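Chemist: Predicted model, plus sequence, below.
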There are 2 protein chains.
Amino acid sequence: MSYTAPVKDMLFAIEHLARIDQVAQIPGFEDAGLDTAAAVLEECAKFNEGVVAPLNVVGDEKPSWFKDGAVTTTPGFKEAFSQFAEGGWQGLQHPADFGGQGLPKTIGAACVEMLNSANLSFALCPLLTDGAIEALLTAGSDELKATYLEKLVTGEWTGTMNLTEPQAGSDLALVRTKADPQPDGTYKVFGTKIFITYGEHDMAENIVHLVLARVAGAPEGVKGISLFVVPKFLVNQDGSLGARNDVHCVSIEHKMGIKASPTAVLQYGDNGGAIGYLVGEENRGLEYMFIMMNAARYAVGVQGIAVAERAYQKAVQYARDRVQSRPVDGSVAGSAAIIHHPDVRRMLMTMRAYTEGCRAMATTAAAAYDAAHHHPDAEVRKQNAVFYEFMVPLVKGYSTEMSLEVASLGVQVHGGMGFIEETGAAQYYRDAKILTIYEGTTAIQANDLVGRKTARDGGQTAKAIAAQIEATEGELRASGTADAQAVAQRLAAARQAFLEVVDFIAGGAKAHPNDVYAGSVPYLMLAGNLVAGWQLARALLVAQELSAKGQDVAFMQAKIATARFYADHLLTKAPGQRDAIVHGAASVTALPLEAF
Amino acid sequence: MSYTAPVKDMLFAIEHLARIDQVAQIPGFEDAGLDTAAAVLEECAKFNEGVVAPLNVVGDEKPSWFKDGAVTTTPGFKEAFSQFAEGGWQGLQHPADFGGQGLPKTIGAACVEMLNSANLSFALCPLLTDGAIEALLTAGSDELKATYLEKLVTGEWTGTMNLTEPQAGSDLALVRTKADPQPDGTYKVFGTKIFITYGEHDMAENIVHLVLARVAGAPEGVKGISLFVVPKFLVNQDGSLGARNDVHCVSIEHKMGIKASPTAVLQYGDNGGAIGYLVGEENRGLEYMFIMMNAARYAVGVQGIAVAERAYQKAVQYARDRVQSRPVDGSVAGSAAIIHHPDVRRMLMTMRAYTEGCRAMATTAAAAYDAAHHHPDAEVRKQNAVFYEFMVPLVKGYSTEMSLEVASLGVQVHGGMGFIEETGAAQYYRDAKILTIYEGTTAIQANDLVGRKTARDGGQTAKAIAAQIEATEGELRASGTADAQAVAQRLAAARQAFLEVVDFIAGGAKAHPNDVYAGSVPYLMLAGNLVAGWQLARALLVAQELSAKGQDVAFMQAKIATARFYADHLLTKAPGQRDAIVHGAASVTALPLEAF
């Protein structure tokens, strides 16, 4: 088996960190308790291990193929996608009203991770469809919802996000695609969009593009951008497919990784104009797009966890099999499997700790999302929304950055074999590199964290989280074990470093923006590191308790060892990061432009 | 121009850090002063920028090709290699007796960097030939020297290193290739060697394989390995080429990067035995091979610096050209080139500081090599040898690990374009990943640093280097500038961290080998970081002095800014690394094997 879903670890996080019992008390989620989670995850594991994972290497070797305006996906993808749709996996987190299963994100996120571990390229199609569904649910008219939602939720059709243009990447103010209003209330869309994931493919009969464009006379910049639905095929009144719309794929990119996922250049309106339907109101497109993007950013963070998990599994397998050199402690007389060597253990533990730490962080964030959107108490909703919003850049930014390190270590564990493509470890290294870039680079996530999430409320949210962490430190100290003490010490040092940085960021964002933004990514990395380490510290407390009760002792002891490793080896980075941010800001921009 | 050799920075390091004036006082190097260095580097830059660099992308797109036992290299490689040989570049550092130019490594290393920046794949062929020359110079009989050396030094023939077998990678004790003594004093060699760089190609008329094998009856393990010369074509008495030897390429690898460089599987003796000639004495092969490897390890470290330099140049160019978003400080009204954004500056400064820091370290190490090998005073030779030996794992391990981070940042600066192969940034990311693996993985370098270089002398060499660093701190404090003070503070903290780790390593290597080796790679990273930061601190002192004299002020100010950035952002990692090594050893191996 090339991938075994870590169902047990996921359920541990869902039960003990995200507290699924509390999620299941929210009206509408009454049936979504631990038993449901376990049943869904088991089923999901079976599907992804059996159907999707085996296509991962195939996709790398036989990427999507463009010819005469059409994209042919990797052999097997179309059939697997049918099974995915039939299994109801696209609709897992979407409302039952439109054919979904209405499960909480707390459960859904684990399924997203499995799909992405199985096949990052394949999983991108549903990921983008999820974003389109979110946007339509939030801002679409009843007519648009009636026409498109069920087809998207059931996986009959797929969705895309069309933001980027050659001159407009991170900077959406530069979007030039235009939309001319027509007498019948529709718009004609003209322009070029690039980097459109699954912008063209053969896995579904229709593709629903969500497109940012400017209506004539709209204000300059981001305040003049509107959002449109532009279907590949127009939809007749009875829901059947009508004429081909004037949107065409003119090429797909030749990429370093996620090769099976077609990245399209789409040309709108070369033959008279692509018919588009306004989503919500004119000039509020960016706002709606942010809804899609927030969902997608979280999901890309989960992609980081997913590829890290798979890289870890592959490395462990190789380290068990590969026999090379005697252990330094003399525990084996001859050459031993390399997993006996301390540095291989260090690499594997690093991979494991990062992955479990980020999974714990993402799962807790998912529970906050569920409460933020569905809890009956407005105050609880608000608190959770604020927490979740703070978590999104961390889940996206930190989990993807860590996935680069993990994928690189994965190759390293394989030695020379890791550099040979047939081994498979290199694919994760190549695939992962897109994750720190798309749906907003790490720097864009960090800007969000600095500006909207930290400076805007004067660091209040950040400090509230630090207070929660401090409470965990207290519990660790009270528990009295050596592991808990050591973790408490590292956590406290990291939290204090974080607080100093928060003061630096919140205090200086207006007066010294260059200094503050010079530390934006390091701040994100420090914050992500702290929160992931904190969640593993919480896990350690639970694991100690359950282990003492004799419950699943080996698993619980492994969780304790992993949390301890995280604290010793990763949380220890925090004070140095603080020094660089707080005392090193000036040297980031000291070199004059002409000296580079 | 896709690559501009950083001649000025190289000459700065050669003149002020490596002190070429002192190297030129060594007998034999009288003509190798600064003027010679400048002249050679200018010429070398011209050749590499004009001839070799343009072939880098070509090699990635059209890798070496295997068919029917023959390897056809990338179009243009053969011609470029002829020019390389004719230009005398292969013989730069080799003795004039055999057709070389006998220049010091202090100068030669800069040329090696240029060649590798221009084209990592191309440069590997000369790199391996250098290793073969070293081995023959050290241990070859007069006859072997007479037959092979001049041809190798002039670049007419090329050399290879044949260590690895499917079951024997890092663990050479497992080598099985055998060598049967023949009545005429030659040997017949039988076996399979893998991962043989340029093991077969069409760029030279003969290939001289240096092969590890066991003579029948030799002791088990590494003490029973001998070294043989096995030429692709036998050589007649008059030096002309004779019969084809029984060594054949059966396939080449499909790799993630350095695709133009053919990585061969070589089969020895399938048709009666490949004729081999013993190098030196039987069973001393590993010792000789270490000579080659030490040269190659240093050179691979330089490869890391080289690919980092090129990734940096490409990123700077893109950051100047790409217009996206308004600067946070409002310094530009509309969208600006992304080099105006603090996080892009942070990335570029990180790339620059790492590259210049490692270049400074490698150049200083090269001067120690020259003194160690050629200084008339035995005591000076010894001191320098000890210093150089300590530097080899740092140059190899740290410079290559940093190159991964730099190449990854290079892609990141390009955003989505970085992930598109045609942009070129991705190639460096793929290419660089082999550097932490071949010629001994980072873990192997770290074992060397821990065992042979630190524990064996009780940390004496390490502490002597720390004392030199402390002296530099004193000079920094005395200089009185804010930059120098700040650098002194970071350097002192890093040095103290290093010393604590040295005590931990030297004190525990025998009693607690697992704990010590669990921290081996982090120790290497800490030590490399410290030494690179130290060399930049020395550079800062020189630059302050020269800048005050009005000499090349812009360059000197840039050097100061880079050194300050290094101290603020990279040296600040050291205390955290110490904590992980000294207090986190147990958690590396705490997880039982079955729990992975």
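Modeler: It's in.
Chemist: Would you map the helices across the stretch 301-450 of chain A?
Modeler: Counting by DSSP state H, counting those that start in this stretch, one finds helices in the stretch 301-450 of chain A at the ranges A:342-374, A:378-413, A:425-432, A:442-450.
Chemist: Kindly reformat the ones you listed as a markdown table and extend each row with mean pLDDT and mean neighbour count.
Modeler: Every C-beta, even on glycine, is put in place using the N, C-alpha and C of the backbone. Shown next, in a markdown table, are those (pLDDT from 0 to 100; neighbours: other Cβ atoms under 10 Å in any protein chain shown):
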| stretch | mean pLDDT | mean neighbour count |
| --- | --- | --- |
| helix A:342-374 | 98 | 26 |
| helix A:378-413 | 98 | 24 |
| helix A:425-432 | 98 | 28 |
| helix A:442-450 | 98 | 25 |
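Chemist: With respect to B:Ile258, which of those helices lies nearest?
Modeler: helix A:425-432 (12.3 Å; Cβ to Cβ).
Chemist: Tell me which residues are up against that closest one.
Modeler: Here helix A:425-432 makes contact (Cβ atoms under 8 Å, 6 or more residues apart in numbering or on different chains) with A:56-57, A:60, A:120-121, A:256-258, A:304, A:307-308, A:310-311, A:314-315, A:318, A:400, A:403-404, A:406-408, A:410-411, A:413-414, A:417-421, B:256, B:430, B:433.
Chemist: and A:Gly217, which of the helices of the stretch 301-450 of chain A is closest to it?
Modeler: The nearest among the helices of the stretch 301-450 of chain A, by Cβ to Cβ, is helix A:442-450 at 29.0 Å.
Chemist: Export the helices of the stretch 301-450 of chain A as TSV, with columns for distance to A:Asp171.
Modeler: TSV is the format used below for those (distance: least, Cβ to Cβ, whole Å):
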stretch	distance to A:Asp171
helix A:342-374	27
helix A:378-413	18
helix A:425-432	25
helix A:442-450	10
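Chemist: mind checking the SS state of A:Ser5?
Modeler: If you look again at residue A:5, you'll see it is Ala, not Ser. Judged by DSSP: H, G, I helix; E, B strand; the rest coil, the three-state class of A:Ala5 is coil.
Chemist: same thing with A:Ala218?
Modeler: Per three-state DSSP, A:Ala218 ends up coil.
Chemist: And the pLDDT at it?
Modeler: Reading off the confidence values, A:Ala218 has pLDDT 96.
Chemist: Please report how far the closest residue to it other than its chain neighbours lies from A:Phe290.
Modeler: In space, and not counting its chain neighbours, A:Ala218 is closest to A:Gly224: 3.3 Å by Cβ to Cβ, 6 or more residues apart in numbering or on different chains. Counting by Cβ to Cβ, to the nearest Å, the gap from A:Gly224 to A:Phe290 is 16 Å.
Chemist: swap in A:Asn56?
Modeler: From A:Asn56 to A:Phe290 the distance is 31 Å (Cβ to Cβ).
Chemist: Pick out whichever of those two has more residues nearby.
Modeler: For A:Asn56 versus A:Phe290, neighbours defined as other Cβ atoms under 10 Å in any protein chain shown are more numerous around A:Asn56 (24 against 14).
Chemist: Which helix or strand contains that one?
Modeler: Assessed by DSSP states H and E, A:Asn56 sits inside helix A:55-61.
Chemist: Now that helix: buried residues?
Modeler: By neighbour count on 16 or more other Cβ atoms under 10 Å in any protein chain shown, the buried set for helix A:55-61 is A:55-60.
Chemist: if I read this right, A:Ala393 contacts A:Thr454, doesn't it?
Modeler: One correction, residue A:393 is Pro, not Ala. No: in this structure, A:Pro393 is not within contact of A:Thr454 by Cβ atoms under 8 Å, at 9.8 Å.
Chemist: still on that earlier bit, how about CSV for the buried residues of helix A:55-61, with distance to B:Glu113 and pLDDT added?
Modeler: Listed next are these as CSV, based on distance: Cβ to Cβ, whole Å; pLDDT from 0 to 100:
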residue, distance to B:Glu113, pLDDT
A:Leu55, 43, 98
A:Asn56, 38, 98
A:Val57, 37, 98
A:Val58, 40, 97
A:Gly59, 38, 98
A:Asp60, 33, 98
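Chemist: Out of those residues, which is nearest to chain B?
Modeler: Nearest to chain B among the buried residues of helix A:55-61, counting by Cβ to the nearest Cβ, is A:Asp60 at 11.0 Å.
Chemist: how far away is the residue nearest to the closest one when sequence neighbours are not counted from A:Val58?
Modeler: Distance criterion Cβ to Cβ, 6+ apart; nearest residue to A:Asp60, sequence neighbours excluded, is A:Gln427 at 4.9 Å. Noted for A:Gln427: a distance of 11 Å to A:Val58, by Cβ to Cβ.
Chemist: One more: A:Gln25?
Modeler: In terms of Cβ to Cβ, A:Gln25 sits 44 Å off from A:Val58.
Chemist: Now do the residue in the stretch 1-150 of chain A positioned nearest to chain B, the pLDDT please.
Modeler: Residue nearest to chain B within the stretch 1-150 of chain A: A:Glu61 (10.2 Å; Cβ to the nearest Cβ). Here the pLDDT value assigned to A:Glu61 is 97.
Chemist: can you pull up the bridge partners for the closest residue to A:Leu163 other than its chain neighbours?
Modeler: Among residues not flanking A:Leu163 along the chain, A:Leu212 sits closest, at 5.4 Å (Cβ to Cβ, 6+ apart). A:Leu212 has these beta-bridge partners by DSSP bridges: A:Leu227.
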